[in-house]
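Novice: the sequence isn't on hand, but the structure is:
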């Protein structure tokens, strides 16, 4: 998958990716190049003064920091700091950040050499948030440019000491700015190793992880004992039988993954022609955690006869699409590209619009979730006369998602801050929103609150999907008992969602979700982007697709219908993605913005829905062969956990970097490939330690015969 998307990325870069006509841009896109345009307004003398002033200011700051004047301000600096800065070693001076080339291209991160500074032992690397005030238009206006300046100072100097020392320096261009990063705003941030003290949360999470690891190994040892020492060769014909299914049908309510077995490990030891030997609760409990059994199920690539194989490929490619977009946009959010103008030029290119509109990958997840839920649940309702244990229906969903979700939150809060280090690591180690509002995530209501209060803001998908799931039984019951009424309700709710999203977009003028007024930030996020009433239309499309799959399990179509379907789905899908590129070159009217934002997700989901129906019914050809490749099956089982952990991995890569990233094909491809591989490796561990064992525990604590008895009881009541 990484290779496929890397080839796509290479294609995007290969065709003249340059800023040849920056000043010729029109519409609101000109604002994208605001820095470049402002710099371009400066005459040659002003540019020369700016360059000379920046270098002189840097030299003045370094000189003053090494030889403090006897002023009243300096007297407030701690004596230890003054003493230790009397003689700067040459390595500390060398580790200071220096102005880099490409200032006119928004290269504003002068971070210095983090490792050279910290290798001195008694010195710490700090970053000062500063601004350059450069005169322009013959001194009538000023251009303000933010700078992150790396400085190497003794550990005896506190952040307040360094702030005082910098403020006392009289330079014409630089001044400090207060910037909020983490718990408290500040102007100087010093990195410590380790980044935080080992608190109670760290100790508890390490202890829990150790217990899980012990249970995984102990369960594997018990399984090996049963397999080898109670085998037919050793105990008069006893053999072990693993009745735990692996196919994707067992996941009744899938989210992003499709194949984590929700049946517990159930091992029977039986003698040929004799009563099976019953295992104790403790044995079965330990077998739930057996890492070798979980590994076997995770890596099993077999697909059932009735499984919809193409869903595995769609799922994996969609999460790869999300990771690719995040690997490109995350550095931009932190101004960590050495040529930001090149980035702005790239996002305007028609062929790169597929990266800009990666949000449709999440709409694909909503589609898959609604499709599989309807397909599997209606199929089961057909065998139970529409009766299901709805209490267990909801419990299973909560139990299926929450353990690994909670584990990732604990990892993010208490372990992740100790994993990396770097000049900007201070921006990453504190998560006040998670410390205050983690419970909203576990109740799946976090999307009803502002983004600034959301723990792990990328997890907004989960509360939406859970809320869609909560209302789904009302629609499913109608689809089963009164199909026409259920289908009509589904169509009506879909239309209402489209109208709401279009109306909100027209009201707030979000510009179709692209940059400028339509960026995914601020009002757009809190009013539209993560709200269930604007996101549910792809889910309803998925339910419609699942309904068709149940009602017409062997759908037959004429060749001309198949041809028209593929042509129409392909053309419309491409238009939905690429038409937004036009918004970079002219301002869209409120009507255009509303129509696009309202219909975009629904239309994309409809196109993918056609692909699913065509592939399932034998009209997919080589596309179905590729999407149904057995390789996607085990990889697809990790998709849910990959979705949760990949932003953590990408941000670790970002904030551990000592230098800005180069915006060229090789560094971006390397970062994307590394991010996708590391994300799957971490997800692999979470799946074996949390996801599979807790899925097994559910069936251990609530055996499947409980559901059967409840269903039989309901049928008997109905017959009576």
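Specialist: Perfect, I can see it now. Owing to the predicted nature of the structure, the values given are computational and were not obtained by experimental measurement.
Novice: just checking, what packs against the helix or strand residue 695 falls within?
Specialist: Using DSSP states H and E, residue 695 sits in helix 692-701. Helix 692-701 sits against helix 200-229, helix 281-288, helix 291-299, helix 390-410, with contacts defined as 3 or more C-beta pairs under 8 Å, 6 or more residues apart in numbering; DSSP states H and E. Bear in mind the C-beta positions are built from the backbone N, C-alpha and C, glycine included.
Novice: so, low pLDDT: which residues of the stretch 251-400 of the chain?
Specialist: Along the stretch 251-400 of the chain, segments meeting pLDDT under 70 span 251-277.
Novice: please redo it, this time with the cut-off set to 80
Specialist: Applying pLDDT under 80 to the stretch 251-400 of the chain flags residues 251-279, 304-306, 339-341, 344.
Novice: now do the helices in it.
Specialist: 281-288, 291-299, 310-333, 340-347, 353-356, 359-383, 390-410 (DSSP state H, counting those that start in this stretch).
Novice: if we can go back for a sec, got JSON lines for the helices and strands packed on helix 692-701, with mean neighbour count and distance to residue 381 too?
Specialist: Shown next, in JSON lines, are those (neighbours: other C-beta atoms under 10 Å; distance: least, C-beta to C-beta, whole Å):
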{"stretch": "helix 200-229", "mean neighbour count": "15", "distance to residue 381": "35"}
{"stretch": "helix 281-288", "mean neighbour count": "18", "distance to residue 381": "29"}
{"stretch": "helix 291-299", "mean neighbour count": "19", "distance to residue 381": "27"}
{"stretch": "helix 390-410", "mean neighbour count": "18", "distance to residue 381": "11"}
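Novice: now do the strands in the protein.
Specialist: 109-110, 123-136, 141-154, 174-176, 179-180, 185-186, 188-190, 238-242, 267-271 (DSSP state E).
Novice: with adjacent residues omitted, what lies nearest to residue 590?
Specialist: Excluding its sequence neighbours, the residue lying closest to residue 590 (C-beta to C-beta, 6 or more residues apart in numbering) is residue 506, at 4.6 Å.
Novice: let me see the contact set for that neighbour.
Specialist: Contact partners of residue 506, counting by C-beta atoms under 8 Å, 6 or more residues apart in numbering, are 590, 591, 593, 594.
Novice: cool, and residue 610?
Specialist: Residue 610 neighbours (C-beta under 8 Å, 6+ apart): 565, 566, 568, 569.
Novice: could you rerun that using 10 Å?
Specialist: Listed by C-beta atoms under 10 Å, 6 or more residues apart in numbering, the contact set of residue 610 reads 545, 565, 566, 568, 569, 570, 572, 573, 619.
Novice: please apply the same query to residue 627.
Specialist: By C-beta under 10 Å, 6+ apart, the neighbours of residue 627 are 308-317, 611-612, 615, 620.
Novice: returning to what we had before: adding distance to residue 490, write the helices and strands packed on helix 692-701 out as TSV.
Specialist: Formatted as TSV, the helices and strands packed on helix 692-701 follow (distance: least, C-beta to C-beta, whole Å):
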stretch	distance to residue 490
helix 200-229	42
helix 281-288	38
helix 291-299	34
helix 390-410	19
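Novice: residue 495 is nearest to which of these?
Specialist: Minimum separation from residue 495 across the helices and strands packed on helix 692-701 (C-beta to C-beta) falls at helix 390-410, 26.7 Å.
Novice: what helices or strands is that closest one leaning on?
Specialist: When contacts are defined as 3 or more C-beta pairs under 10 Å, 6 or more residues apart in numbering; DSSP states H and E, helix 390-410 packs onto helix 200-229, helix 432-442, helix 461-481, helix 639-655, helix 665-686, helix 692-701, helix 704-719.
Novice: circling back: state the distance from the residue nearest to residue 590 to residue 595.
Specialist: 9 Å (C-beta to C-beta, to the nearest Å).
Novice: check contacts around the nearest residue to residue 550 once chain neighbours are set aside.
Specialist: In this structure, residue 550 finds its nearest non-sequential neighbour in residue 378, 4.5 Å apart by C-beta to C-beta, 6+ apart. Applying C-beta under 10 Å, 6+ apart to residue 378 gives the contacts 386, 476-477, 479-480, 483, 486, 543, 546-547, 549-551.
Novice: among these, the buried ones, what's the PyMOL command?
Specialist: Applying 16 or more other C-beta atoms under 10 Å to those, the buried members can be selected in PyMOL as follows:
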select buried, resi 386+476+477+479+480+486+543+546+547+549+550
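Novice: in a markdown table: the contacts of residue 378, plus distance to residue 365.
Specialist: A markdown table is the format used below for the contacts of residue 378 (distance: C-beta to C-beta, whole Å):
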| residue | distance to residue 365 |
| --- | --- |
| 386 | 28 |
| 476 | 19 |
| 477 | 24 |
| 479 | 21 |
| 480 | 25 |
| 483 | 26 |
| 486 | 23 |
| 543 | 14 |
| 546 | 15 |
| 547 | 19 |
| 549 | 18 |
| 550 | 21 |
| 551 | 24 |
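Novice: of all the contacts of residue 506, which two lie farthest apart?
Specialist: Top of the distance list for the contacts of residue 506 (C-beta to C-beta): 591 and 593, 7.3 Å.
Novice: what touches both of those two?
Specialist: Joint contacts of residue 591 and residue 593 (C-beta under 10 Å, 6+ apart) are 502, 505, 506.
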